[in-house]
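Q: quick one, structure for this:
(one chain, ligands or ions: 1)
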Amino acid sequence: MKIRNKLTLLFTAMIAALMIAFALFVYYTYDQYRKDEYYRRIHQQAITKANLLFDTKVDSSTLQVIYKSSNDVLFQDEMAIYDTDFNLIYHDAAEIDKVKETRSMIDEILKKKEIMFEANNLQIVGFLYTHGGKNYIITAAAKDKPGLAKLANLRFTLITALISAIVIIFIAGRFFSKQALQPVSNLVDNVNEITVTNLDLRVNEGNGKDEIAELAVTFNQMLNRLERSFNAQKDFVSNISHELRTPLAAMIGELDLAAAKDRSEEEYKHVINLLRNDAQKLVRLINGLLNLAKANYDEINITLRDVRLDEILLDARHDIITSNKDYKINLSFEKEIENDDFISIHGNEYLLKVAFMNLMENGCKFSGDKSCNVIINYYKDKTVVRISDNGIGIAEEDISKIFTPFYRGKNKKYAEGYGIGMSLCNRIIHLHKGEIYVSSEVNKGTTFTIELPHV
Ligand code: ADP
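A: Take a look at the predicted model:
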């Protein structure tokens, strides 16, 4: 059920319940008042008749004729007088006998002095009447025809008013809930207009104050993030295409050149070597991209276990110097290891090795002596690895950008690369809840400091 309908029904049900309770209260209060009034009236009329009979000595038969000659006998007050021994003294119409007195009724009246009750749609009173020092029991009964008619009229008025009010409230409720939820409908329309092709569109933030505006602002903030990441993905894909096209174009060029005319065996060998180099570069690039994709997974998808950083660093160093015979990497500890836990962290061995290999490789490739120093230090809460070189350094304006995917600094001509390594390192270190800092001075050298928490 739509919120609009739910709100309308809830609102209508609430008001209807209140109105019904109010109407019932009015109805029953009025009915009680009418009954009390009528009992008083019957009582009073019975006394008047009794006085007529006893004081002015009006003849019984005269009173009976008056009673019977009225238009609607049933609704006349019918009175009877008994003595305390239940002997009938007077009866308006014994043959009708609305009250049907009994001995026990007489006894009860004697005891309580007055009783009132309803029977067969009649209101009946019985009370003790004293005249000339003698006690009598008077009973009188009648139907409150005009009072009941008024009550019926009140009932009809209340029911009609109630039904009309509920219908009006329902219509008004629908109108107001529509008004209240209009901003939500507008928001839905706005959101429906946003697709991949117009991610720059934003939803209307309304008055900027209420909850709906808050929702719109939050939604716009989410769109900003989405747009940024979508653009980053687009850039990433176009960068990859560009990076893959360059070596492939070079390979095609070399092949075309070789195929243009007959070549000597030496020349063919030369071309094959060139092609092999280009193919190797492609493999390196693709491996880098695969690692970047891996590191971009969520932490939950990456298996973590307790690993020793010194072992990973040794492994990384070994792999680098095996494939680059001219590279030199010096690994040392700043202070003695007292406990294995100090250089252990909870991490992914493969990714950490990739990160350290990139840092060591950069240190070597961007320095004239092709060497770098790796120093391991530890604290209570973290292990710190410092990788430094005495190479060409990074230009100041490049320092903040080197962690951007595919960014290569001004010094890029000095060494080959694709601008993937540093962004990959950054991602891997942050994935391990660590920090990476860089300090560099042109022509003096560069130091990367990596802090990794033990857990
Ligand atoms: P690549 O090395 O393939 O260019 P990276 O992502 O590894 O890409 O590095 C990005 C840039 O950061 C490099 O192009 C270079 O300008 C700079 N850089 C990284 N490490 C060093 C370093 N040790 N010495 C000098 N410059 C560095």
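Q: C-alpha only now, for contacts and for neighbours.
A: Noted.
Q: helices along the protein, start to end?
A: Under the criterion DSSP state H, helices of the chain are mapped to 3-54, 60-69, 103-112, 145-193, 211-259, 265-295, 309-323, 349-365, 396-399, 421-431.
Q: nearest to Val438, out of the ones you listed?
A: Closest approach to Val438 among the helices of the chain (Cα to Cα): helix 396-399, 7.5 Å.
Q: state the mean pLDDT of the closest one.
A: For helix 396-399, mean pLDDT rounds to 95.
Q: what's the answer for stretch 438-448, then?
A: 96.
Q: show residues contacting stretch 242-255.
A: Val271, Leu274, Leu275, Asp278, Ala279, Lys281, Leu282, Leu285, Tyr418 (Cα atoms under 8 Å, 6 or more residues apart in numbering).
Q: average pLDDT for it?
A: On average, stretch 242-255 scores 86.
Q: mind listing what's buried along that stretch?
A: By 16 or more other Cα atoms under 10 Å, the buried positions in stretch 242-255 come out as Glu243, Pro247, Leu248, Met251, Leu255.
Q: middle-most residue in this structure, spatially?
A: Compute the mean C-alpha point of the chain, and by Cα atoms, centre = their mean the closest residue is Leu215, 10.8 Å away.
Q: and that residue, how far is that from Leu181?
A: In this view, Leu215 and Leu181 are 13 Å apart by Cα to Cα, to the nearest Å.
Q: residues touching the residue in the stretch 251-400 of the chain positioned nearest to the ligand, list them.
A: Proximity of the stretch 251-400 of the chain to the ligand (Cα to the nearest ligand atom) peaks at Gly363, 3.8 Å away. Taking Cα under 8 Å, 6+ apart as the contact definition, Gly363 lies against Lys370, Ser371, Cys372, Ile387, Ser388, Asp389, Gly391, Thr446.
Q: for ChimeraX, write the select line for the buried members of those.
A: A single ChimeraX command selects the buried members of those (16+ other Cα under 10 Å):
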select :370,371,372,387,388,389,391,446
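Q: redo the contacts of Gly363 as JSON lines? Include distance to the ligand.
A: Shown next, in JSON lines, are the contacts of Gly363 (distance: Cα to the nearest ligand atom, whole Å):
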{"residue": "Lys370", "distance to the ligand": "10"}
{"residue": "Ser371", "distance to the ligand": "10"}
{"residue": "Cys372", "distance to the ligand": "9"}
{"residue": "Ile387", "distance to the ligand": "8"}
{"residue": "Ser388", "distance to the ligand": "7"}
{"residue": "Asp389", "distance to the ligand": "6"}
{"residue": "Gly391", "distance to the ligand": "6"}
{"residue": "Thr446", "distance to the ligand": "5"}
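Q: quick one on the thing from earlier: now list the buried members of the contacts of stretch 242-255.
A: For these, buried by 16+ other Cα under 10 Å: Val271, Leu274, Leu275, Asp278, Lys281, Leu282, Leu285, Tyr418.
Q: those also near the ligand: which ones?
A: Taking Cα under 6 Å from any ligand atom as the test, the ligand is in contact with Tyr418 out of the buried ones among the contacts of stretch 242-255.
Q: mind putting the buried ones among the contacts of stretch 242-255 in a markdown table, pLDDT and distance to Tyr129 included?
A: A markdown table is the format used below for these (pLDDT from 0 to 100; distance: Cα to Cα, whole Å):
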| residue | pLDDT | distance to Tyr129 |
| --- | --- | --- |
| Val271 | 91 | 140 |
| Leu274 | 89 | 136 |
| Leu275 | 92 | 134 |
| Asp278 | 86 | 130 |
| Lys281 | 82 | 126 |
| Leu282 | 87 | 124 |
| Leu285 | 81 | 120 |
| Tyr418 | 86 | 120 |
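Q: ok, so of the buried ones among the contacts of stretch 242-255, who is nearest Phe176?
A: Using Cα to Cα, the buried ones among the contacts of stretch 242-255 come closest to Phe176 at Tyr418, 61.2 Å.
Q: now the closest one: closest residue in space, sequence neighbours ignored.
A: Take Tyr418 and drop its neighbours on the chain: the residue closest to it by Cα to Cα, 6 or more residues apart in numbering is Phe406, 6.0 Å away.
Q: relative to Gly126, how far out is that neighbour?
A: Counting by Cα to Cα - Phe406 and Gly126 are separated by 108 Å.
Q: more neighbours: those two, which one.
A: The neighbour comparison of Phe406 against Gly126 (other Cα atoms under 10 Å) goes to Gly126, with 29 against 20.
Q: Lys112 is in contact with the more buried one, correct?
A: No. Look at Gly126 against Lys112 with Cα atoms under 8 Å: they stay out of range, at 9.7 Å.
Q: could you check the angle helix 3-54 makes with the worst-scoring helix or strand of the chain on mean pLDDT?
A: Every helix and strand of the chain was ranked by mean pLDDT, DSSP states H and E. The lowest is helix 60-69, at a mean of 80. Here helix 60-69 runs at an angle of 150 degrees relative to helix 3-54 (axes from the mean of the first three to the mean of the last three Cα atoms, to 10 degrees).
Q: can I see the domain layout of this protein?
A: Domains of the chain are assigned by automatic domain parsing as 3-151, 211-294, 302-453.
Q: most packed of those?
A: Neighbour counts (mean count of other Cα atoms under 10 Å) averaged over each of the domains of the chain peak at domain 302-453, with a mean of 18.
Q: how long is that one from one end to the other?
A: For domain 302-453, the end-to-end distance is 17 Å (Cα to Cα).
Q: distance from the chain centre to that domain, please.
A: 44 Å (Cα atoms, centre = their mean, to the nearest Å).
Q: go on, stretch 226-236?
A: On Cα atoms, centre = their mean, the centre of stretch 226-236 falls 28 Å from that of its chain.
Q: okay, now the unreliable bits of the stretch 51-200 of the chain?
A: For the stretch 51-200 of the chain, the stretches flagged by pLDDT under 70 are 71-75.
Q: residue of it nearest the ligand, please.
A: Leu199 (29.4 Å).
Q: ok, and the closest non-adjacent residue to that residue?
A: Spatial nearest neighbour of Leu199, chain neighbours left out: Glu227 (6.1 Å); criterion: Cα to Cα, 6+ apart.
Q: ok, now Asp310?
A: Ile343 (6.9 Å).
Q: in this structure that neighbour contacts Glu311, no?
A: No. Counting by Cα under 8 Å, Ile343 stays clear of Glu311, with 9.5 Å between them.
Q: all good on my end, thank you.
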